Each structure stands twice: as structure tokens, then as C-alpha cells.
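Chemist: Here's a sequence, model it:
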Amino acid sequence: MASGFALLLVLGLLVSVIMMGGLKQTVLRSQASQTSALEVRAAVRSLRADYLQGGDALSRLLLDPTLTDARAAKAEADANAGKHLASAEAATGWPALRVALRRLRAHDEHVTDRIENRLVTLAAIDPARARRTYFRRYLPARERNMVLVDEALRMASDEVAVAARLTETEAAKTLLFAWVTLGLFLAVGTLAGAVLSRVVQTIAIRFEKAAAEVAEQRDHLEAIMTAMRDALIVVDAAGVITLVNEATCELLGIDRSRLVGRPITRFLDPRQVARRGPDGTPGIDVVTYRARDGSEIPLAVSTADLRDARGAVDGAVWVAHDLREHFRMLAEVAAARDAALEGSRIKSEFLANVSHEIRTPMNVIIGYTDLVLDSGPSETHREYLARVRSSTVALLEIINDVLDISKVEAGKLSIEHVPFALRAVVEDVVQTFMLRADEKSLVLSLTIEPGVPGRVRGDPTRLRQVVLNLVSNAIKFTERGRVDVRVAREATPGRGGAVVRLSVADTGIGIPADKQDVIFQAFTQADGSMSRRFGGTGLGLTIAARLVELMGGRIWVESAVGVGTVFHVVLELEVDREGLAA
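Modeler: Numbering: from 1, shown residues only. Next comes the predicted model:
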């Protein structure tokens, strides 16, 4: 019996050692899982706040590029976002969450950060382009950041739930084993019971320590919530508020005691409560909160579901960012844009009126000069008058260009839709420049390919002006060689129309590749010295491009320095069936 008791005692001691080791591992896993999961979730939530803070600072910087505090806030938000993202990656134990965080980092570094850096640069040198970049590129990129943050937050919440379930399962197994061991120890004697009691006491102390650490983590999360600048509201499955932070109370002007336990619909339009993205996932919406004084506060709200251990939705978390300052900035930007457009319109109208007033006396000068030349002056006087007439004609061409561009910018240029002979318009323009081409010993040719419709409907005056400007430009910048004009039919779009391509090719000086995007801008030439060498204002191509755009076509250039240039114009014209029948 003594041997049996000793054997049982040894067995009891062995089981006790095994149980203590199992309990120790359970406690350690519980502590590690809970701590890391909470750190990940806290880091991801802080990351959301960093992105919102960075976006707010960037918006203020676009409004006023000189705001140094906005730049500092942007830099601080970026630095905090980097630290929080690195903290989440280091703390998580889930490969899927780590991959999601890497995707978020990659998108942030390669897309969002680059756009933000571009916006910071453009805000100081080109506010209009900065605003376009902000709305077209930055807002979708930041929305993608927020979607990735929400995905990471859901995964972090799932990690917490899995850690809790794992701890619960392991604890249940260990407790069952402890009860069995306790019964065994009671059977073998007081000594075994005393040992078991000591072990249980040790386990209780460790569990208390783990609970204290969990409470410390909870207090840490509450401190983070208190430090948040955005409003945070937690609701249960019935939509009743269970938790708010200080920012929410300050925003709504309502005490915490009057918020907790109240339905969220008392402070938010009920139609906005269940908003979700197009695919049903949580998203960011602009909603309206009703403050205590009755005022309405526009907010960007991001929602995320809270789930229990079984995965069922038992509540939601609302994070709201005040958009009043953002909307005020947008209103100011819109007002500034309207003021700039109005100023441009007034300038264009003034320029058009002045151009008309100048063109009238210039025509008079040309007319009287022609009369004097016809009256038989001396050779010296004829030479002087010829120079006066040449200079006056050149000046009148410049005035006409300025008048045309001012009409386009003022929106006073209309496009006709009348039948005309396409071949006749192009041939007339080419014939007009034959003399000038001969003076420079250039070959000027015209090729109209078979299939080009004879009569079409459109604006012959504006088409003639486009061809005049392109041919004149080609002859001006070609010292030797040839200028070839070609008209071809590309396709038939249907409904009685035809796509016609007009090409003007020369063997002139050519255009550098880095200058080909600016030659269609007003008062611009590829090289500033060209105005002194070849003359002109740089408006010819601008007018041609604007007229082509008004006629619904497109224009582009192909060129190589020292080889030549080819301008292409593609227009969709309606075939004049009645004229063909006649």
C-alpha cells in the first residue's frame, strides 16, 4: 500500500508538473495574443486618424500654401502613420494581416505619398493644377488608403476574436484537467491536496496578473480614444450608443452622460445610419450630425462592424471627421475660380474690342497706300510706300490673330454648319501660297486622295483659316525643300458622315520633342529666338488648334529637329447628299 501511495504520489506530482506547464503556456499565449492583437488594432485605428489628419493638413495647404503649421501637421501625420504602420506589422501574428498591411504600405508609398508630395509642390507654383490633382487623383488614392485601413482593422479585430477563442478553449481544457487532478490528489491524501492547492494558488496569481495587464491595455486604449481629434462613437446591434470619446462631446456640445444609452438616430439622420459602400462593405460617407443647438455639422464618417466570438455583428464603430473647414475651403476655392474666370472673360472682351478699333485704321492705311502706289510715285517713294504697306499688312495679320484668339477665349466664336466644296477650299488656300513658296524656292504640292467627299457640311471659313495657318506656318519655318498638303478619307462613322484627315508636311527646322506640347499654347513658339528670326506672335497654331477643337476634331504634330514637321488634323464631316445629287 505504501508503494501504491508512493506511486500515486509520484504520478500526482508528475501530473501537477504537466498541468503547471500547460497552465503557464496558456497564460503566456493569452498574454501574448491579447497584447499583440490589441497593439495591432490600436495601431491601425491610429493610422486612420493619421491619414485623416494628413488629408486635413493638405487641404489647408492647398487653400493657403504659406501655412507653415499645415506643412508641419502634414509632416507629423506622415511620420506618425509610418510609425503606426510599422508597429502594426511588427505586432501582428497573422500572415494575411501582414500582407494587407504591406499592400497598404505599398499603396501609400507608391501612390498616395507621391500624389501628396506633388500637391505640396503644385500648391505653391500652380494652385489650379494642384486643385485638379487633389480632386481627380488624391481623393481616390486616399479613399483607397481608407479601404485598405478598414480591411486591416477588420483583420485585426478578427485576430483579437481568434486569440480570445483560443484562450477560452485552452483555459477550459486546463481547468478540466485541474479538476481531475484535484480529485486524484484528494484520493491520495492531504499531502497531494496541499501541493495542488499551492499550484492552483500560483495559477490564480498569474491569471490575476494577466487580467491586470488586460485592464492596463484597456486604459491605454481609452487614453488613445481621449486623445483622438475625430469623434468616436460605438453603438450596439440596436443602434444604441455605448461609448463615446471626448471629441464627440465637444463636437455635439452634449455631455457623455446624455449620449451614452441614447439611440444614434437622435443625433443623425436615420436614412444615413445604414450607409455602406457599393459592394455592401463599410465605407466613408459624408453625413450630417445634429448638434445640441440644432446646427447641422457635415462629417466624413467611417464605419466598421463589431463582431462577437461567433462572428455575428453585435455593434459598430463610427469615426467622424468635421468637414466644415473643408467645405469652407472648397467654397473659397470655387469663389476664387469664378472670379478668375470672370476676369479672363472681361480681359478677352476688352482685347476683342481693342482689336476691332485698331483693325479699322489699319485697313484705311493699307487702302490709301495702295491708292498712292497706283498714282505713279517715284521709285524712292514707291519703295518707301511698299515697305509701309508690307509692315501694315504684317501688323494687320497680327491684329487679326489677336482678334481671333480673343473671340475664342471670350466664347464669341460660333461654328457654322453649311454645305461647301471641300476640295475647292483646300485648293484655294494652296493656290494663295504658291507665290510665297516660289519666292523661297520651295515646292508646294497638294494631294487629294480618292474617296474624299466632294461636298460636305461644316464651316468652310474656319476650315480655310485652319489650313491657312498650317500652310503659312510650314512655309515660314522651311528654308529649303518642300511643303506637302494631303487630304485623305480615313473612315465612315455612319449617319452620312466621313472622317477626313488633313496633313501638312514640311522639310523645315523641326520641333524638339520637349517643345511639342507647348506650341499650341497662346503666344508660344518652340524657341524664343524664332520670333526675332521668323517673326510672328505664336498665335497661328493656337488659333488652328482652338478652331479644330470647336469643330469637334483633333490636331497633333509629329516632328524631328532638322528633318521636318507634319501637322495632322482629323475632322468628322457630314457628307452633303443634296449637293451631290444636284
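Chemist: For the rest of this, base every contact and every neighbour count on C-alpha atoms.
Modeler: Will do.
Chemist: mind listing the strands for this structure?
Modeler: 231-236, 241-244, 284-290, 296-307, 313-322, 418-421, 443-448, 455-458, 482-494, 497-506, 554-560, 564-575 (DSSP state E).
Chemist: Out of those strands, which gets nearest to Tyr51?
Modeler: strand 313-322 (11.3 Å; C-alpha to C-alpha).
Chemist: who's in contact with Ala124?
Modeler: 65-66 (C-alpha atoms under 8 Å, 6 or more residues apart in numbering).
Chemist: do you know how far it is from Met329?
Modeler: 16 Å (C-alpha to C-alpha, to the nearest Å).
Chemist: Including mean pLDDT, could the strands of the chain go into JSON lines?
Modeler: Putting the strands of the chain into JSON lines (pLDDT from 0 to 100) gives the following:
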{"stretch": "strand 231-236", "mean pLDDT": "82"}
{"stretch": "strand 241-244", "mean pLDDT": "84"}
{"stretch": "strand 284-290", "mean pLDDT": "69"}
{"stretch": "strand 296-307", "mean pLDDT": "78"}
{"stretch": "strand 313-322", "mean pLDDT": "80"}
{"stretch": "strand 418-421", "mean pLDDT": "92"}
{"stretch": "strand 443-448", "mean pLDDT": "94"}
{"stretch": "strand 455-458", "mean pLDDT": "91"}
{"stretch": "strand 482-494", "mean pLDDT": "84"}
{"stretch": "strand 497-506", "mean pLDDT": "92"}
{"stretch": "strand 554-560", "mean pLDDT": "92"}
{"stretch": "strand 564-575", "mean pLDDT": "92"}
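Chemist: Arrange these in a markdown table, one row each, with distance to Gln465 as further columns.
Modeler: Shown next, in a markdown table, are the strands of the chain (distance: least, C-alpha to C-alpha, whole Å):
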| stretch | distance to Gln465 |
| --- | --- |
| strand 231-236 | 62 |
| strand 241-244 | 69 |
| strand 284-290 | 50 |
| strand 296-307 | 52 |
| strand 313-322 | 54 |
| strand 418-421 | 15 |
| strand 443-448 | 17 |
| strand 455-458 | 13 |
| strand 482-494 | 15 |
| strand 497-506 | 13 |
| strand 554-560 | 14 |
| strand 564-575 | 13 |
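Chemist: got TSV for these, with mean neighbour count and distance to Gly82 too?
Modeler: Shown next, in TSV, are the strands of the chain (neighbours: other C-alpha atoms under 10 Å; distance: least, C-alpha to C-alpha, whole Å):
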stretch	mean neighbour count	distance to Gly82
strand 231-236	22	22
strand 241-244	18	27
strand 284-290	18	22
strand 296-307	19	21
strand 313-322	19	21
strand 418-421	16	64
strand 443-448	16	64
strand 455-458	22	59
strand 482-494	17	54
strand 497-506	21	54
strand 554-560	17	45
strand 564-575	21	50
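Chemist: between these, which one is nearest to Ile366?
Modeler: Closest among those, once you apply C-alpha to C-alpha, is strand 443-448, at 28.3 Å.
Chemist: What helices and strands are in contact with that closest one?
Modeler: helix 422-432, helix 434-439, strand 482-494 (3 or more C-alpha pairs under 8 Å, 6 or more residues apart in numbering; DSSP states H and E).
Chemist: Would you mind splitting this protein into its domains for me?
Modeler: Following automatic domain parsing, the chain resolves into domains at 1-227, 229-322, 335-410, 418-581.
Chemist: Select from these the stretch with the lowest mean pLDDT.
Modeler: The stretch with the lowest average pLDDT out of the domains of the chain is domain 335-410, scoring a mean of 69.
Chemist: Just put the helices and strands packed on strand 443-448 in TSV and tack on distance to Arg577.
Modeler: TSV is the format used below for the helices and strands packed on strand 443-448 (distance: least, C-alpha to C-alpha, whole Å):
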stretch	distance to Arg577
helix 422-432	14
helix 434-439	32
strand 482-494	13
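Chemist: Can you say which of these is nearest to Ala90?
Modeler: Nearest of those (C-alpha to C-alpha): strand 482-494, 59.5 Å.
Chemist: Give the pairing partners of the closest one; include direction for each.
Modeler: As defined by DSSP bridges, the strand partners of strand 482-494 come to strand 443-448 (parallel), strand 497-506 (antiparallel).
Chemist: In CSV: those strands, plus distance to Ala156.
Modeler: Formatted as CSV, the strands paired with strand 482-494 follow (distance: least, C-alpha to C-alpha, whole Å):
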stretch, distance to Ala156
strand 443-448, 70
strand 497-506, 58
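Chemist: how about those, which one is nearest Val99?
Modeler: Ranked by C-alpha to C-alpha, the member of the strands paired with strand 482-494 that lies closest to Val99 is strand 497-506, at 51.1 Å.
Chemist: Run the chain-centre distance for that closest one.
Modeler: 36 Å (C-alpha atoms, centre = their mean, to the nearest Å).
Chemist: Which residues does it contact?
Modeler: Contacts for strand 497-506 (C-alpha under 8 Å, 6+ apart): 452-453, 470-471, 474-475, 478, 481-493, 564-575.
Chemist: Likewise for stretch 415-425?
Modeler: Residues contacting stretch 415-425 (C-alpha under 8 Å, 6+ apart): 448, 453-460, 462-464, 550-551, 576, 579.
Chemist: From one end of it to the other, what's the distance?
Modeler: 16 Å.
Chemist: From Glu151, how far out is Val429?
Modeler: Computed as C-alpha to C-alpha, the Val429 to Glu151 distance reads 64 Å.
Chemist: circling back: could you point out the member of the contacts of stretch 415-425 that lies closest to Leu63?
Modeler: Of those, the one sitting nearest to Leu63 (C-alpha to C-alpha) turns out to be Leu550, at 33.4 Å.
Chemist: you'd agree Gly553 is up against Leu573?
Modeler: No. Using C-alpha atoms under 8 Å, Gly553 is not in contact with Leu573, being 9.5 Å away.
Chemist: Please work out how many residues are found near Ala210.
Modeler: 18 (other C-alpha atoms under 10 Å).
Chemist: Tell me how far it lies from Glu216.
Modeler: 10 Å.
Chemist: and what of Glu332?
Modeler: 46 Å.
Chemist: go on, Thr68?
Modeler: 38 Å.
Chemist: before we move on, what about Phe267?
Modeler: On the measure of C-alpha to C-alpha, Phe267 and Glu216 end up 32 Å apart.
Chemist: Then Asp308?
Modeler: Distance from Asp308 to Glu216, by C-alpha to C-alpha: 22 Å.
Chemist: next one: Ala73
Modeler: 30 Å.
Chemist: Those two: which has the busier surroundings?
Modeler: Counted by other C-alpha under 10 Å, Ala73 and Glu216 do not tie: Ala73 has more neighbours, with 19 against 12.
Chemist: Contacts only, for the residue nearest the centre of the chain.
Modeler: Residue closest to the average C-alpha location in the chain (C-alpha atoms, centre = their mean): Arg137, at 1.0 Å. Taking C-alpha under 8 Å, 6+ apart, we find Arg137 in contact with Ile115.
Chemist: repeat that for 7 Å
Modeler: The contact partners of Arg137, by C-alpha atoms under 7 Å, 6 or more residues apart in numbering, come to none.
Chemist: Next, work out how far apart it and Ala128 are.
Modeler: 14 Å.
Chemist: State the distance from the closest residue to Arg482 other than its chain neighbours to Val557.
Modeler: The shortest distance from Arg482 to any non-neighbouring residue, by C-alpha to C-alpha, 6 or more residues apart in numbering, is to Val443 (4.4 Å). Applying C-alpha to C-alpha, the value for Val443 to Val557 is 21 Å.
Chemist: before we move on, what about Met551?
Modeler: Distance, Met551 to Val557, using C-alpha to C-alpha: 18 Å.
Chemist: before we move on, back to that, which member of the contacts of stretch 415-425 is positioned nearest Gly376?
Modeler: Using C-alpha to C-alpha, Arg464 comes nearest to Gly376 of the contacts of stretch 415-425, at 35.2 Å.
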